[in-house]
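[1] Here you go, sequence then predicted model.
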Amino acid sequence: MTAIVLAAGQSRRMGVPKINLPWGDTTVLGKVLQTLLQAGLDEIILVTGAHPVQGLEGFTEQGVKVVHNPDYASGEMLSSIKAGLRCALEQSEAVLLALGDQPQMELSVVRRVIETYQHTHPAILIPSYQMRRGHPGMVSRSLWKEIIALQPPDTLRVFLNTHASEIQYLEAGTETVLQDLDTPEDYERYRPGGNPADD
């Protein structure tokens, strides 16, 4: 099973490269990779783009594969997913799509997503919280070619809506599946030791 970590964004709303912001004893992206490395995946592919990744050597030494998305400025998230899928292991039966700006991602949720997929083998598996779609989600290999063939103005949301009847939802029981970091306010609210007063 393969994980693709989407970390090619330009961080326009944050104003600085959010993947490199401090998070505990590592960075925002470092925390995401640490969690996935503990999850027992066969492969982790990090898709980069707009900004160099700090501390990358330590993760490549642990087997993280790095792929650069040259279309990061115009291709949105879909182009990064396609870049990752094109170099995934041939034997991977599904891909876990993780956000590089979601350090709140919990190892227990990742493991539940993987275990649920292994038991039920849906086309698409998405963790949810209070009926809202979250991350990280799982997509079966049977749909990879269709994703790779998508062209603008198609988006991941359009793809998911097209396959709405094939989605299995997993109630995660935690709102962390909905949280990522888009703005400085998000970072201050969610970071370890931050100020949760705005929640």
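    Structure's in. What do you need? Numbering: from 1, shown residues only.
[2] May I see the buried residues of the longest helix along the chain?
    If you go by DSSP state H, the chain has its longest helix at helix 107-120. Neighbour counts using 16 or more other CB atoms under 10 Å place 109-110, 112-114, 116-117 of helix 107-120 among the buried residues. Using the backbone N, CA and C atoms, a C-beta is placed for each residue, glycine as well.
[3] just stretch 60-76 next, same as before
    By neighbour count on 16+ other CB under 10 Å, the buried set for stretch 60-76 is 64-65, 67, 69, 72, 75.
[4] For my notes, confirm residue 170 occurs in a helix.
    No. Assessed with DSSP: H, G, I helix; E, B strand; the rest coil, residue 170 is strand; it does not lie in a helix.
[5] burial of it, as a residue count?
    21 (other CB atoms under 10 Å).
[6] related to what we said a few turns ago, residues in contact with the longest helix of the chain?
    1, 35-36, 38-41, 94, 96, 98, 125, 127, 136-138, 168, 170, 172, 174, 176-177 (CB atoms under 8 Å, 6 or more residues apart in numbering).
[7] Check which helices and strands the helix or strand that that helix is followed by is in contact with.
    Next in sequence after helix 107-120, counting helices and strands by DSSP states H and E, comes strand 124-129. In terms of contacts (3 or more CB pairs under 8 Å, 6 or more residues apart in numbering; DSSP states H and E), strand 124-129 is packed against helix 107-120, strand 137-140, strand 167-171.
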